[in-house]
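J.: Curious how this folds, go ahead:
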Amino acid sequence: MRDKILIADDTEMNREMLSIVLGDHYKIVQASEGQEVIGLIDKLKDELLAVLLALDMSGVDGLDVLGHIKETGLLEKAPVIIISSESTYETEREYLEKGVSDFIRKPFDNVIVKSRVDNLVDLFTYRNNLEEKVQIQTQNLQRQNKLLELQAEKIKKSNEMIIDVLGTVVEYRNLERGPHIKRVKGFTNILATKVAEKYHEYGLTPQKIEVIVAASALHDIGKIAIKDSILLKPGKLTRDESEYMQSHTIKGCDILGQIDEAWDKEYAKASWDICRYHHERYDGNGYPEGLSGEDIPISAQLVSIADVYDALVSKRIYKDAIEKDKAYHMILVGECGVFSPKLMQCFRECRKQFEELADKYDMLEASD
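T.: As a prediction, the model looks like this:
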């Protein structure tokens, strides 16, 4: 608790006079030479309201004492008032620039001394209290932010768990051979990262990419509502069967809609968009709504390319795997539908990464 004033002057009469003026309101501590002042500063720095300092003391002079006060940090917490018999404007300016708060001159005027000390003590006390309140509020905000971060992380894990569980349902029906969902997530991440780097207009922040990659696991969730006789048919589908198969985009959104309140809105929106629109094409010749251009959500555009690439290079019930080089060129020339020119440019630049990831998963599948 700050409740003391240190009066440092090698003249006893000066110390006593100031003690009489200030003693009614403050606890007074006296020092007569520089080294003693330094010792008291070190001992009482957290208890001092103000320091009244003469500059011409014996031993360590007042200027060195002032330097020590600054080193301890006390200069920021308590005013230092110089006791001076005579001083010029230049001297006062010099010491004010060093952090001194004011000057009191000999012979002392009791009213002026008390008024200046009281005002400065009140000012520093108010500032210290304000700083303490700000510090406490800052600490509280930091704790609250930490709790919010933990809560956000918990929600994120919950969202990802929902997605993983639903994605696993699709895999358990053995809808695709091999780790199709993991591969699509990997290809989506590669492509989204490149698009974010080249085309800032899509606003693909790392956090948005993370959401899109996670949500890509649900692109075919609607297939769990498709009859096995159609879903697992080894041969070519009839026209009616194809139209029925295409309904998995709508059925998937119906499934996701039933759990809308169970997860974060951003994950829910990304999952819904990807599920519904990952078969749309840039020229409007996709399904289910025939969207074109940038009317197709960027999340669905990214997953669409990842899904098509994996479908080509992976073995399926109805086809053998296509060579990666051929699959790459099929996508570029539009054999699998028309994609965004910007995304195709990124796909060109990511070709090696796509092929390396595909090779990695092929090796993992072969070792199982």
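
J.: Just give me the longest helix of the chain.
T.: When the chain is scanned for its longest helix (criterion: DSSP state H), the result is helix 110-172.

J.: If you count contacts, what does that helix end up packed against?
T.: Judged by 3 or more CB pairs under 8 Å, 6 or more residues apart in numbering; DSSP states H and E, helix 110-172 is in contact with helix 12-22, strand 48-54, strand 80-84, strand 102-105, helix 180-198, helix 206-215, helix 265-277. Just so you know, the C-beta spots here come from the backbone N, C-alpha and C atoms, and that holds for glycine as well.

J.: of those, which approaches Ser304 most closely?
T.: helix 265-277 (7.9 Å; CB to CB).

J.: Next, the angle from the closest one to helix 180-198.
T.: Orientation check (axes from the mean of the first three to the mean of the last three CA atoms, to 10 degrees): helix 265-277 against helix 180-198 gives 110 degrees.

J.: So which bits of helix 265-277 are buried?
T.: Tyr267, Ala268, Lys269, Ala270, Ser271, Trp272, Asp273, Ile274, Cys275, Arg276, Tyr277 (16 or more other CB atoms under 10 Å).

J.: one step back: need the helices and strands packed on helix 110-172 in CSV with mean pLDDT, can you?
T.: Output for the helices and strands packed on helix 110-172, formatted as CSV (pLDDT from 0 to 100):
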stretch, mean pLDDT
helix 12-22, 93
strand 48-54, 94
strand 80-84, 91
strand 102-105, 90
helix 180-198, 94
helix 206-215, 94
helix 265-277, 93
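
J.: okay if I get these as a markdown table plus distance to Ile250?
T.: Shown next, in a markdown table, are those (distance: least, CB to CB, whole Å):
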| stretch | distance to Ile250 |
| --- | --- |
| helix 12-22 | 85 |
| strand 48-54 | 75 |
| strand 80-84 | 77 |
| strand 102-105 | 79 |
| helix 180-198 | 20 |
| helix 206-215 | 17 |
| helix 265-277 | 7 |
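
J.: Gly257 is nearest to which of the ones you listed?
T.: helix 265-277 (7.6 Å).

J.: same for that closest one, what does it pack against?
T.: Applying 3+ CB pairs under 8 Å, 6+ apart, we find helix 265-277 packed against helix 110-172, helix 206-215, helix 248-257, helix 298-313.

J.: residue closest to the middle of this structure?
T.: The chain has Glu149 as the residue nearest its centroid, 9.0 Å off, counting by CA atoms, centre = their mean.

J.: Let me see the contact set for the spatially closest residue to Ile221 that is not a sequence neighbour.
T.: Closest residue to Ile221 apart from its sequence neighbours, by CB to CB, 6 or more residues apart in numbering: Gly252 at 4.4 Å. By CB atoms under 8 Å, 6 or more residues apart in numbering, Gly252 lies in contact with Leu218, His219, Asp220, Ile221, Gly222, Lys223, Ala225, Cys275, Arg276.

J.: Test my guess that the fourth one contacts Leu166.
T.: What that stands for is Ile221. Yes. Assessed by CB atoms under 8 Å, Ile221 is found in contact with Leu166 at 5.6 Å.

J.: what residue ranges in this structure score low on pLDDT?
T.: Within the chain, the stretches with pLDDT under 70 are 87, 165, 167-178, 262, 317-318, 366-368.

J.: Try it again at 50.
T.: 177-178 (pLDDT under 50).

J.: Nearest spatial neighbour of Lys98, chain-adjacent residues omitted?
T.: In space, Lys98 is closest to Leu66, 6.2 Å off (CB to CB, 6+ apart).

J.: With Met1 as the reference, measure out to that neighbour.
T.: Distance of Leu66 to Met1, computed by CB to CB, to the nearest Å: 24 Å.

J.: I am finished for the moment; much appreciated.
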